[in-house]
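# Predicted structure and sequence below. I'll ask about it afterward.
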Amino acid sequence: MRNVKALAEQAPLIAPSILAANKEKMNEEIALAEASGASFLHIDIMDGRFVPALTWGPRFVASISNIHTLVNDVHIMVEEPWTQGPLFAHAGADIVTFHLEACPDQESVLKTISAIHNAGAEVGISIKPNTPVEALNPYFDLVDLILIMSVEPGKGGQKFMDSSLKKIAYCRKKINGMPLAKRPLIEVDGGINAETGKAVREAGVDVLVAGSYLFGHEDFQKRLEALKE
Ligand code: DX5
Ligand code: ZN
């Protein structure tokens, strides 16, 4: 298991989202992300139930998890994350991030966290734009990453929602009060570009997911660097 929390020192970390990559040349797209200075590879899993769209399963994750050295950052937008999460951990995810909203009660949140940890991956917990950030309070100490969604999960290319900035700042404050080794990373996902990237960094984010801003553009590397500036 990689210790992703230790990467906080190198923040801002960039996580290109392969949802926006050219599927016909996925290996090249991943190589481009790696060569351009990314740290994470963000892989969006959708099950057609928690969100309407369907993407990949564990077999796909297994097929790409070893062709690069980036952190395999698997974002599962699926129901029953306590059963699904471990499948992705076994497929090579370094971190599996599930949705709080996919859990009917606190017991199933705790069950999901330990199932993913027991399967050998680190754990992230995510909230959608309409979920209050305080809902994360019981879990700061138990997870390795907090993912604040700045768009409604389900598709790429949407407009960044400013309401995420306050949530990020809230998490930053909470986390700064924790011992260094226990602090989860803070990640943001949705509508990130040079401008919104600056705003989320000021709010205190560690990891920036970016899909449509990076993939499909000639100047991928320049854009990625702009997210770090
Ligand atoms: C949305 C996904 C995102 C998506 C982001 O449900 O979780 O990771 O790829 O795409 P952009 O960066 O285009 O908003
Ligand atoms: Zn995502």
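Thanks, I have the structure now. Ligands and ions are numbered 1, 2, ... in the order given.
# And what about the nearest residue to residue 126 once chain neighbours are set aside, helix, strand or coil?
Leaving out its chain neighbours, the residue that sits closest to residue 126 by Cβ to Cβ, 6 or more residues apart in numbering is residue 147, at 3.7 Å. C-beta coordinates here come from the backbone N, C-alpha and C atoms, glycine included. For residue 147, the assignment made with DSSP: H, G, I helix; E, B strand; the rest coil gives strand.
# For residue 147, list the residues it contacts.
75, 97, 124, 125, 126, 127, 187, 188, 189 (Cβ atoms under 8 Å, 6 or more residues apart in numbering).
# Just these: which are in helices?
Judged by DSSP state H, the subset of these located in helices is empty.
# now, among those residues, which is nearest to residue 23?
For the contacts of residue 147, the residue nearest residue 23 by Cβ to Cβ is residue 75; the value is 17.3 Å.
# where does this protein have low pLDDT?
Applying pLDDT under 70 to the chain flags the ranges 1.
# In it, which residue sits nearest ligand 2?
When distances are taken as Cβ to the ion, the chain reaches nearest to ligand 2 at residue 75, 3.7 Å away.
# show me the contacts for that residue.
42, 43, 44, 45, 97, 124, 126, 147, 189, 209.
# if we look at ligand 1, which of the residues you listed are close to it?
Among the contacts of residue 75, the residues lying close to ligand 1 (Cβ under 6 Å from any ligand atom) are 42, 44, 189, 209.
# In this structure the first one contacts residue 20, no?
No. Residue 42 lies out of contact with residue 20 (Cβ atoms under 8 Å); the separation is 9.8 Å.
# For these two, list the residues in contact with both.
Common contacts of residue 42 and residue 20 (Cβ under 8 Å, 6+ apart): residue 211.
# Neighbour count for those two, which is higher?
Taking neighbours as other Cβ atoms under 10 Å, residue 42 and residue 20 compare with residue 42 leading, 28 against 19.
# Surely that one is in a strand?
Yes. Under three-state DSSP, residue 42 sits within a strand.
# what does the protein have sitting close to ligand 2?
Taking Cβ under 5 Å from the ion, the part of the chain that reaches ligand 2 is made up of 44, 75, 189.
# The first one reaches residue 17, doesn't it?
Yes. With contacts counted by Cβ under 8 Å, residue 44 reaches residue 17, the gap being 6.2 Å.
# Strands along this protein, start to end?
13-16, 40-46, 71-77, 95-99, 122-127, 145-149, 185-189, 207-210 (DSSP state E).
# Let me have these in a markdown table, extended by distance to residue 115.
Formatted as a markdown table, the strands of the chain follow (distance: least, Cβ to Cβ, whole Å):
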| stretch | distance to residue 115 |
| --- | --- |
| strand 13-16 | 23 |
| strand 40-46 | 16 |
| strand 71-77 | 12 |
| strand 95-99 | 9 |
| strand 122-127 | 9 |
| strand 145-149 | 16 |
| strand 185-189 | 20 |
| strand 207-210 | 23 |
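# So which of the ones you listed is the most surrounded?
Of all the strands of the chain, strand 95-99 carries the top mean neighbour count, a mean of 29, counting by mean count of other Cβ atoms under 10 Å.
# Just give the strands next to it in its sheet, each with its orientation.
In the sheet, strand 95-99 lines up against strand 71-77 (parallel), strand 122-127 (parallel) (DSSP bridges).
# what pairs with the closest residue to residue 139 other than its chain neighbours across the strands?
If the residues on either side of it in the chain are set aside, residue 139 comes closest to residue 125, at 5.5 Å by Cβ to Cβ, 6+ apart. Assessed by DSSP bridges, residue 125 has beta-bridge partners residue 98, residue 146.
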